[in-house]
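Colleague: how would this look folded up:
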Amino acid sequence: MPRVYLAGPPFADEYRARAAALAAAGDWEPVDPMRRDFRGDTEGNEAEIVEGDLEEIASCDAVLAAFTAPDEGTAMEAWHAHTLGLPVVAYTGGTPPHPWTVYVAAEVCADLEAAVAAVAAPRT
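Modeller: Residues are numbered from 1 along each chain as shown. Got it, this is the predicted structure:
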């Protein structure tokens, strides 16, 4: 089963739940880095957080990145996936995408359902 990494701001719980359900319904295994929840306890754990994210991204077939609000972590995760050659699909929720988002993304979607469908779409 292909795996999709769910990048997004730390407190985007609704996005993560919806994206995970949609991905699973499309026969993708959602990989949610927030299951390793360091919210409120990041200080002193930066290396563990980042290295865990990097390993999980590399173990996936694609990245779904929620760019509904500015977030440094999401941007770094999308950039890392892009440098690995993984397809990145950006979900904006209607927020105008930043040029860097457009640059790293195979597709930019305002709608979450469309974004998850784009993750599963064959690449040429």
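Colleague: ok, for residue 78, nearest residue in space, not its chain neighbours?
Modeller: What sits nearest to residue 78 in space, not counting adjacent residues and going by C-beta to C-beta, 6 or more residues apart in numbering, is residue 65, at 4.5 Å. C-beta: built from backbone N, CA, C; applies to glycine.
Colleague: tell me, how many residues neighbour that neighbour?
Modeller: Around residue 65 there are 27 other residues, counting by other C-beta atoms under 10 Å.
Colleague: quick check: it is in a strand.
Modeller: Yes - going by DSSP: H, G, I helix; E, B strand; the rest coil, the assignment for residue 65 places it inside a strand.
Colleague: specify the beta-bridge partners of it.
Modeller: With DSSP bridges as the criterion, residue 65 is bridged to residue 7, residue 90.
Colleague: report the contact partners of it.
Modeller: The contact partners of residue 65, taken as C-beta atoms under 8 Å, 6 or more residues apart in numbering, are 7, 8, 74, 77, 78, 81, 88, 89, 90, 91, 101, 105.
Colleague: roughly how far apart are it and residue 47?
Modeller: Residue 65 sits 22 Å away from residue 47, taking C-beta to C-beta, to the nearest Å as the criterion.
Colleague: do you know the pLDDT at the spatially most distant residue from the centre of the chain?
Modeller: In the chain, counting by C-alpha atoms, centre = their mean, residue 44 sits farthest out from the average C-alpha position, at 24.0 Å. Reading off the per-residue confidence, residue 44 sits at a pLDDT of 77.
Colleague: work out for me the element it sits within.
Modeller: Here residue 44 is covered by no helix or strand, with elements defined by DSSP states H and E.
Colleague: so which of the contacts of residue 65 comes closest to residue 1?
Modeller: Closest approach to residue 1 among these (C-beta to C-beta): residue 89, at 17.7 Å.
Colleague: contacting residues for the closest one?
Modeller: Per C-beta under 8 Å, 6+ apart, neighbours of residue 89: 62-65, 105-109, 115-116, 118-119.
Colleague: include secondary structure, distance to residue 19 and pLDDT when you put the residues you listed into a markdown table, please.
Modeller: Supplementary listing: the contacts of residue 89 in a markdown table, determined by DSSP: H, G, I helix; E, B strand; the rest coil; distance: C-beta to C-beta, whole Å; pLDDT from 0 to 100:
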| residue | secondary structure | distance to residue 19 | pLDDT |
| --- | --- | --- | --- |
| 62 | strand | 12 | 97 |
| 63 | strand | 11 | 98 |
| 64 | strand | 6 | 98 |
| 65 | strand | 10 | 98 |
| 105 | coil | 15 | 97 |
| 106 | coil | 16 | 96 |
| 107 | strand | 15 | 96 |
| 108 | strand | 15 | 98 |
| 109 | strand | 12 | 98 |
| 115 | helix | 8 | 98 |
| 116 | helix | 6 | 97 |
| 118 | helix | 12 | 97 |
| 119 | helix | 9 | 96 |
